[in-house]
Structure formats: structure tokens, C-alpha cells
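Sequence plus the predicted model coming up.
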Amino acid sequence: MKKLFFSGWKSLILSLAASAVLSFPVSAASIHGEITNVGSQTITGWAWNKEDTNDVQTVEVHILQAGNPEPVKYLKTEADDFSQELEDEIRDGWHKFSVSIDWSQLEGNDFKVRAYAVKGDKYYTLGETISYSKGSGSSASSAKSTAASSNASAQDTAPSSTQAQSTAAASDTSGLTSLGIFTTSGYCGCQQCSKGQGLTYSGAVPQPNHTISADLTLLPLGTRVQIGGVVYTVEDTGSGIKGNSIDIYYTDHNAAHAHGLQQQEVFLVQ
Ligand SMILES: [Zn+2]
């Protein structure tokens, strides 16, 4: 259906060249972090590059709602605050981030919160997606972490949530087989992404939150996988999609572009 999986090789190459000046590339494995708390007024977490502790991480927090692949809010900050817990865990406390959030400005009640360390065009997922409900607060602090254990303190808990309420049904990956970390990107049916072809390789009409394009030698047509709490079906492929790459279909080009390139764990749904 399509050749390019991003906003065009030219801009990709240009931005990679620009990033190279800023001591790029960084291996995904060296970026660590997670959301430690989603509260009624602030979202906190940490992010660091274990290969270069002077490398301050730019963090984007995305607020999502069910049924809408495009975040309803983007929050950006630097992970350069001090945290005693981090100091105790990794001997370097200056990697905490904190962003203010006014939930009352957002319509609806139930949200998913994701955080990424952003380097050029690359998005490194920080820990797990956290659920937040206006009524009951955060689903939980992240269950596990990679560098520091997740006993970072949970200050700023929502007033009504004395007990964490788990609403993470969709992002529950227990019992699923991990296929490993894939580079995910976004595309739509436009001329630029797909040469304007309306149908997928399989012949199905592409649908958001459903259709993905994959390397069919790895993931045959019809394979169902879970990425970021959403179950997708392989219905498409493209010449640029090889190996551990997945292109996620969006209705809107801006939303596809906003996906950027992310390193995400992919789970097989049987
Ligand atoms: Zn497009």
C-alpha cells in the first residue's frame, strides 16, 4: 500500500543528521525511566541515559482517551529535578521530571498516561502506561522498573484514592507472549504515506486502532498483536517495513506523524 512510513525520507535523514550533531545515536537500551505517579495536579517520573548521566532527557507526557489514537494533551518537560529516591537507587538523583496537569480542562473521566524520552525523531517509551480516572485517581504506580526499583515515593496521590484502583484491563499483558521491542511508526491513507491508495494489502479497509502494517515474513496477515494496550491486526505491509518494524494506521495524517518513531514492546494475542 505504501512506500514511506514517516513524513518522508528527506526529513528523516535531515533530522537524523541534525541529531548526529547532538551526540546521536543513543541505544534504546540505555534510556531508562518510568512514570512514578499520576496525581490530581502533577505527573511525576524519571528518565535517564545510563551511558551518559549528564545527558538530560526531554520528556513528553501524552494523555490519551479510549477510542482516540491521538493524545488529547501533550506535556513537555526536562527530567532534571532532584529525587532522593533516585539518588538512593542509582546514585544520581537529578533525573526526576514533573509536569502540572489540570484534569478539569479535559473532557471525559478516564485517561491513559504515557511518557517518552524524546531525542530528535525517536521516542523511547518510559515504563508502562498508567490509567487515571478523575474520580478515583491513578491506577497504580508503575509495577516494575528497569534501573531503579519502583519504590520511588508516590506523593501527590489524588485525594480520593487511598487504595489504588486498577483499571488497566486493556494494557494487561500478563499471559501474553512478548515478541520483543519493535520500532513503531504511524501512517495514514494520504498520498504522502500511502500514495493515496485506499485499501490495505489484504484488501481490507484500514481502520484506526485496528490496522497495522508489518513484515509479513515475521507477522503474517491476520496476526493480532497488542501494542500499548491496543489490540491490532496485521492487514497491511510496505516496502519500508522490515523486521521488527510496525506501522500503525491512523485516520488523520497529523496523528500519524505525531506518533513519530517509538520503541514499543509488542505482544502476540492468540
Ligand atoms: Zn498521511
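Right, received. Where do you want to start?

how many other residues sit next to the closest residue to G127 other than its chain neighbours?
Distance criterion C-beta to C-beta, 6 or more residues apart in numbering; nearest residue to G127, sequence neighbours excluded, is E34 at 2.7 Å. Every C-beta, even on glycine, is put in place using the N, C-alpha and C of the backbone. Counted with other C-beta atoms under 10 Å, the neighbours of E34 add up to 23.

What score does E34 have for pLDDT?
E34 is assigned 87 on the pLDDT scale.

Surely it touches W46?
Yes. Using C-beta atoms under 8 Å, E34 is in contact with W46, at 6.8 Å.

quick one: secondary structure of the residue nearest to G127?
Classification of E34 using DSSP: H, G, I helix; E, B strand; the rest coil returns strand.

In terms of residue numbering, what are the domains of the protein?
Here the domain parsing of the chain from automatic domain parsing is 22-138, 173-269.

which of those has the lowest average pLDDT?
Across the domains of the chain, domain 22-138 gives the lowest mean pLDDT, at a mean of 83.

residues contacting V205?
With contacts defined as C-beta atoms under 8 Å, 6 or more residues apart in numbering, V205 is in contact with G198, L199.

can I assume it sits in a strand?
No. Assessed by three-state DSSP, V205 does not belong to a strand; its assignment is coil.

related to what we said a few turns ago, how near is the residue nearest to G127 to T58?
16 Å (C-beta to C-beta, to the nearest Å).

Close to the ion: what parts of the chain are there?
C188, C190, C193, H253 (C-beta under 5 Å from the ion).

sec struct for the third one, please.
Right, the one you point to is C193. Of the three states, C193 takes helix under three-state DSSP.

Quick check, it in contact with A256.
Yes. C193 is within contact range of A256, at 6.2 Å (criterion: C-beta under 8 Å).

hey, what's in contact with both of those two?
Listed as contacting both C193 and A256 by C-beta under 8 Å, 6+ apart are Y187.

Surely G196 is in a strand?
No. Per three-state DSSP, G196 lies outside any strand segment and is coil.

right, and it touches G189 too?
Yes. Using C-beta under 8 Å as the test, G196 is close enough to G189 to be in contact (7.1 Å).

So these two - more neighbours on which side?
Shown here are G196 and G189; by other C-beta under 10 Å, G189 has more neighbours (22 against 11).

Was I right to think Y123 contacts L261?
Yes. Contact criterion C-beta under 8 Å: Y123 and L261 qualify, at 6.3 Å.

Looking at the two, which is more packed in?
Per other C-beta under 10 Å, whichever of Y123 and L261 has more neighbours is Y123, with 22 against 17.

and the more buried one, what does it touch?
E60, Y116, A117, G260, L261, Q262, Q263.

run the last query once more with 6 Å
Y116, G260, Q262 (C-beta atoms under 6 Å, 6 or more residues apart in numbering).

Assign V113 to helix, strand or coil.
strand.

so how far is T44 from it?
11 Å.

top of the residues of the chain next to the ion by neighbour count?
The residues of the chain next to the ion, ranked by neighbours (other C-beta under 10 Å): first place C193, 27 neighbours.

returning to what we had before: widest-spaced pair of the residues of the chain next to the ion?
Using C-beta to C-beta, these span at most 6.7 Å, a distance reached by C193 and H253.

Span of stretch 46-55 from start to end?
Length of stretch 46-55, first residue to last, C-alpha to C-alpha, to the nearest Å: 13 Å.

Since that was my last question, I'll sign off now.
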